[in-house]
Each structure stands twice: as structure tokens, then as C-alpha cells.
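> Give me coordinates for this.
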Amino acid sequence: MSATLLLLQLIVILGTARACGWLLRHLGQPAVVGEMAAGLMLGPMVMGALFPHWHAQLFAPHALAGLQALATVGLVLFMFVVGLELRSHQGMRSLIQSAGAVGVLSVAVPLVLGVAISPLLYPGLVPAGVGYWPFAGFMAAALSITAFPVMARILKDRGQTHTSYGQLSMGAAAVADMFAWILLAVVVAWTGSSEGTGGLLKTVGGVLAMLVLLRLVVKPLFAWLLRRHAPDGELSASMMASLMLGLLGTALFSEWVGLHAVFGAFLFGAILPRDERLLIPLAQRVEPMSIAVLMPLFFALAGLGTTPDAFVSGSLGLCLLIIFVAALGKIAGGAAGARLSGHGWRDSVATGSLMNARGLMELIVMKIGLDAGLIGPQLFTMLLVMALVTTAMTSPMLSLVQGRRAPAAAPPQGEAGNAGNARPDRASRGAS
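Prediction:
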């Protein structure tokens, strides 16, 4: 592929993403919803239908290798920051504990519903050779995910970051995503068992070895390096290079043992020291390139993987069923968990609505499922539409339940209150 074509692809993708993000932001949506929609517009359903000849030349399958490589790097960097920020505050543990009921139920209800609708999806939408239970497990994980960055951005834009249901939802999202990622990792490892006992042992043994190495070798090594070479949080070029080497090495090892590279990237971010002086300079250097430049390429490739077949005859009904079940599971599960925790009905429904935001995290889950061969283009398209719809409905539902004006802020609760106050401003950048 020529450099000219790659540069033209980048201009078209980034220009479309910025324009759609700007438009959706002015319609009251997080910019990430517009960027996800831009991926659909650049795919076969819009651009491919309106300008088939130009689309075929610009995004020919043999000309996508460069975009795929850059998108993978962006995905690894993004998941690294997600892992880093998840444990960046000492008070996050208290916040997560208080949100346990919401997090567990907002996973359990979609999980059950995902398994329940799998018999309807499995016969016609699953690639040949995929077993029923690995597929059902994937659907359970896909419907259980919540996008913390999008949620934080919605709360910040509405001035509701410090409300009781805002802090409850952020803690619950961390719990929900922890369970959903573990389930997804199990499903991917299970799929690897199709290579026989050797493949399964390689995946399970590799994951255990990676966890041991990260805990006993990588974590102390980087803690020592950071104390010695960045005691004040100022990262030199050599220290930054060391961090990137550790990140890429962990992602590569995760890919080699049969999991997706994002698992390794997330774990590497999670094991680094919890230090604001480390988080802020890392975020300033990594996030802008990852979010503004590289992630739109991931959205575009997701859009190129869609197919109009998802909206013909019975397929349209299945797509609507997925959207309905996904929204019902998250809203009902989150609201029930908040209600059981002693919150009023209004705050409980607001919590459930926030848990329904899936955004970029859902696209990552879908990509993992597509790469693992668990789903095909038709179901991939349906899940992409579901991610867009459930994310876009969050802000209108909050307006319906709570109004545009934020209710009184939750009183400080020690560490948990501090964590809720400090974290969203940075995490929300992931949604912008």
C-alpha cells in the first residue's frame, strides 16, 4: 500500500470523525457517539452505497493493513490508560465496595438475558464450527459491559459528577466491567480449546504465568524504576520508552497465549503504582494521540466490518431484540441494585440509565469476538448498532428522570467521596 493512500485514508477518517463528533456534541451527546457513527458512515451501508467505486478504491481489503496496525496500537494505549485510571485513587476501593450490588446486578441480569436470547441468534448468525456455549458466553459478556469513560463524560457535561447516583454509577461500572472482562477472557480461552488440550493448556498456563510475572517481577521493577528515575512524576524519554516497552511486551504476550492484546494492556496499566504524579503526565502524553487520532481508525475499521444484511427481513427483528434486551438488562439490573442499596426510585432509574452506556468498550468486546471467530459480520453489525443506541439513549433518559439541573451533591464519604470528585475529569477525556 502506498503512503499516499494511507494518508488519504487518515484524512477521510479523522475528518469524518471530527465532524460527526462535533455535530453529536451539539445535539447533547458525547462526541464518542458521533465518532462511532462516523465508522458506520464510512462503511458499506452509507459511503459504500452512495459512492461504491470510490469506497472500493479507498478501503480495498488489501489496503487496510496500515490502518489495522495503527488501530491496534491505539486500542492497546487506550486500554492501558483504562487500567491505570481504574486504580489511580486510594478511595476507588471504598467506592467500588459501596456499589457492589449495582455492579453485580447490572451484570447478572444482562448475562441471563444474553444467554436467554442466544438460541434465537445461534442458528443463523454464528460462524460454522463455533460451539453454542462459547457463543452464549460471549453474548452474556457483550450485553454486560459498561463504558466508564462515556458515563463519566455524560455526568461531567451535565454537572452531575458529584451526585449520589453519579458516584454510585461510577463505582458500579468498575465492578461490572471487572466481571464482564473476566467472563470474556474465559470465553476466549474456551474458544482456544478448539485447538485441542494443548491449546487450552497454553492459554490457561500462559495467563497464570502472565499474572505471576506481572505481580512478582514487572510491578516491583517498574516501581523501582519510577522511584529512581521519576520521583517527582516527570517522565524522561527513556522512562517513557521503558513504559511503552513493558506495555507492548505484555500485550504481545497476552496475544501469544491466545487472549487479545487488550487484556495484557489493561493488566499492565492496572499493576503500575497508584500515584497521581505518574497518572497525570502519562495521561497527558498517551491519551491525546490515542483518543483523538488512533481510536477513530478503530471506529472506521469497525464500520468497514459491518454489512447491510443485518437489516433485512428477520434479521431486523433480531437486531431490535438485541437492542431491547441489552437496554432492559442494564437499566433494570442497575436500578434494582441501587434500590436494594437504599436509593430512591428516581436515583435508581438514573443509575440504571448510566449503566446502559456502552460506547467504546462495547466495540472492543465486539472486535475481540470477531477476531476470535465467535461472531460474523451480521451479528457484529447488530451489536454495533446496539452500542450506538444504548449509549445515545443515556442522556435523554437522565433528562427525563432527573431533568437538566443536577440534584444536590452527595456528602463526602471519606476516601470514596474524594475518589468520586477527582477521577471523572480525567476519565471523561476517553469519551471526548
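> What sits closest to residue 356 if chain neighbours are left out?
Distance criterion CB to CB, 6 or more residues apart in numbering; nearest residue to residue 356, sequence neighbours excluded, is residue 330 at 4.1 Å. For the C-beta atoms, the positions are set from N, CA and C on the backbone; glycine is no exception.
> ok, how many other residues are close to the one you found?
Residues lying near residue 330 (other CB atoms under 10 Å) number 30.
> Am I right that it is in a helix?
Yes - according to DSSP: H, G, I helix; E, B strand; the rest coil, residue 330 belongs to a helix.
> per-residue confidence for it?
pLDDT recorded at residue 330 is 94.
> What ranges does the stretch 251-400 of the chain have for its strands?
With DSSP state E, counting those that start in this stretch as the criterion, the stretch 251-400 of the chain has no strands.
> Just give the number of residues close to the residue nearest to residue 40 when sequence neighbours are not counted.
For residue 40, ignoring the flanking residues on the chain, the nearest one in space by CB to CB, 6+ apart is residue 303 at 4.8 Å. Using other CB under 10 Å, residue 303 has 26 neighbouring residues.
> Name all residues that make contact with residue 303.
38-43, 384 (CB atoms under 8 Å, 6 or more residues apart in numbering).
> on that earlier part again, identify the residues contacting the residue nearest to residue 356.
Going by CB under 8 Å, 6+ apart, residue 330 touches 106, 109-110, 143, 146, 352, 355-356, 390.
> I'd like the distance between the residue nearest to residue 40 and residue 58.
Residue 303 sits at a distance of 13 Å from residue 58 (criterion: CB to CB, to the nearest Å).
> Residue 143 too?
For residue 143, the distance to residue 58 - CB to CB - is 34 Å.
> between those two, which one's more packed in?
Taking other CB under 10 Å, residue 143 and residue 58 do not tie; residue 143 has more neighbours (30 against 16).
> Please name the nearest non-neighbouring residue to the residue most central in space within the chain.
The chain has residue 361 as the residue nearest its centroid, 1.3 Å off, counting by CA atoms, centre = their mean. Closest residue in space to residue 361, ignoring its immediate chain neighbours: residue 147 at 4.2 Å, by CB to CB, 6+ apart.
> pretty sure that neighbour contacts residue 364?
No - the criterion here is CB atoms under 8 Å, and residue 147 misses it with residue 364 at 9.4 Å.
> okay, the two: which has more neighbours?
Taking neighbours as other CB under 10 Å, residue 147 and residue 364 compare with residue 147 leading, 31 against 23.
> Next, give phi and psi for that one.
phi -100, psi 100 (degrees, to the nearest 10).
> dump the residue contacts of it.
Here residue 147 is in contact with 173, 357-362, 391, 431 (CB under 8 Å, 6+ apart).
> Which one of those residues sits in the busiest neighbourhood?
Neighbour tally across the contacts of residue 147 (other CB under 10 Å): the maximum, 34 neighbours, falls on residue 357.
> for the helix or strand hosting residue 39, the distance to its chain's centre please.
Using DSSP states H and E, the element containing residue 39 is helix 31-41. Centroid separation for helix 31-41 versus its chain: 15 Å, with CA atoms, centre = their mean, to the nearest Å.
> Report all helices and strands that it contacts.
Counting contacts by 3 or more CB pairs under 8 Å, 6 or more residues apart in numbering; DSSP states H and E, helix 31-41 is packed against helix 3-26, helix 148-158, helix 295-304, helix 359-371, helix 377-392.
> again, only this time at 7 Å
Where contact means 3 or more CB pairs under 7 Å, 6 or more residues apart in numbering; DSSP states H and E, helix 31-41 is packed against helix 3-26, helix 295-304, helix 359-371, helix 377-392.
> Restricted to helices, list the contacts of residue 330.
106, 109-110, 143, 352, 355, 390 (DSSP state H).
> Just the buried ones from the contacts of residue 303?
Buried by 16 or more other CB atoms under 10 Å: 38-43, 384, out of these.
> Looking at the residues you listed, which one is closest to residue 298?
Relative to residue 298, the closest of these is residue 39; by CB to CB it sits at 8.1 Å.
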